[in-house]
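K.L.:
Predicted model and sequence below, questions to follow.
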Amino acid sequence: MALRAALRSKCGLSGLLSQWSSCSSHGRVCVSPVLVAQLRNNSTSPKIKVDFDQSTGVAVMHMQSPPVNSLSLDFLTELCISVEKLEMDKRCRGLIITSSQPKVFSAGLDIMEMYGKSPEHCGEFWRAVQEMWLKLYSSNMVTIAAINGSSPAGGCLMALTCDYRIMADNPRYGIGLNETQLGIVAPFWFKDTMMNTVGQRVTEMALQLGLLYKPSEALTIGLVDQLVPEDQVLTTATQNMTKWLAIPDHARQITKSMMRKQTIDKLTSNREVDIQYFVNFITKDSIQKSLGMYMEMLKKRRA
């Protein structure tokens, strides 16, 4: 499909985004009819809902892909396009990411995109995961994760890309990069993102053991910045956004770029190698067997 082809290309979404046109009136960014049609054909219902308040310059992105906001190829493509559109609208200064699904922020990468799929499909999927991380981690917008449920693996990675993380204070929820529990190894840029946040020793323990932290534990190690009652997560994120937007954009953006540039450049210069490594790893018989066993375990739990 056209959306996926855009992610396959080395220039990411640039080819597809060239279809977007800037409206001359009020500086609005419009979506071409072609792109609207492509988005509509790509999914029976939107997996991402964006509410943009022009008076505050803040957008709220609601992930709404039931049941658990799994990061599928379609979901990632829609998310990347939504973020790019907001970046192009100069009136948008802040982005809050949250979930419309009960009890979960995002359950992480969609295993069905990796299990029993061709090497070509796995490579296409992994490029989309990279694209999501690059879009969010390098965003000029202030980004706040309003984590209103569990956030394992890729869900934790998405939260880590943000400038600030607020989590629901509910001991039933967990957050962490728990890939090793599935027999998968978190790639270097997952590791670097977490290490930049909580330090090397905590990251080493967390990744080797595939730890999921309760909210109170996540706060203690600095994985999240604030805990609030579940019904106050979004309002607290909105309140915190005001503090971040009080800083002049150019000064904050340059500082953010300075802090993150080395990590971003490391992936940018190694994208193809990283994709090939992932494809070689995930298509191994032993890894496919581990994924299959994990999926069977999930089926038994649901039963």
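P.N.:
Looks like it came in fine. Every value quoted in this text rests on a predicted model; they were computed, and no experiment measured them.
K.L.:
residue ranges of the helices in the stretch 201-303 of the chain, please?
P.N.:
For the stretch 201-303 of the chain, the helices defined by DSSP state H, counting those that start in this stretch occupy 215-221, 233-245, 249-268, 271-282, 285-302.
K.L.:
how about those, which one is nearest Leu182?
P.N.:
The closest of the helices of the stretch 201-303 of the chain to Leu182 is helix 285-302. By CB to CB, the value is 5.2 Å. For the C-beta atoms, the positions are set from N, CA and C on the backbone; glycine is no exception.
K.L.:
Name the residues of the closest one that are buried.
P.N.:
287-288, 290-291, 294 (16 or more other CB atoms under 10 Å).
K.L.:
Repeat that for stretch 108-127.
P.N.:
Applying a neighbour-count criterion of 16+ other CB under 10 Å, one finds 108-111, 113-115, 117, 121-127 buried in stretch 108-127.
K.L.:
hmm, back to that, between the helices of the stretch 201-303 of the chain, which one is nearest to Gln64?
P.N.:
When the helices of the stretch 201-303 of the chain are compared by CB to CB, helix 233-245 sits nearest Gln64, at 14.1 Å.
K.L.:
helices or strands up against the closest one?
P.N.:
Other helices and strands packing on helix 233-245, by 3 or more CB pairs under 8 Å, 6 or more residues apart in numbering; DSSP states H and E, are strand 58-63, strand 94-99, strand 142-147, strand 164-168, strand 226-228.
K.L.:
Could you take the ones you listed and lay them out as TSV, with extra columns for mean pLDDT, mean neighbour count and distance to Lys256?
P.N.:
Below are those laid out as TSV (pLDDT from 0 to 100; neighbours: other CB atoms under 10 Å; distance: least, CB to CB, whole Å):
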stretch	mean pLDDT	mean neighbour count	distance to Lys256
strand 58-63	97	22	17
strand 94-99	98	24	13
strand 142-147	98	28	9
strand 164-168	98	25	12
strand 226-228	98	18	19
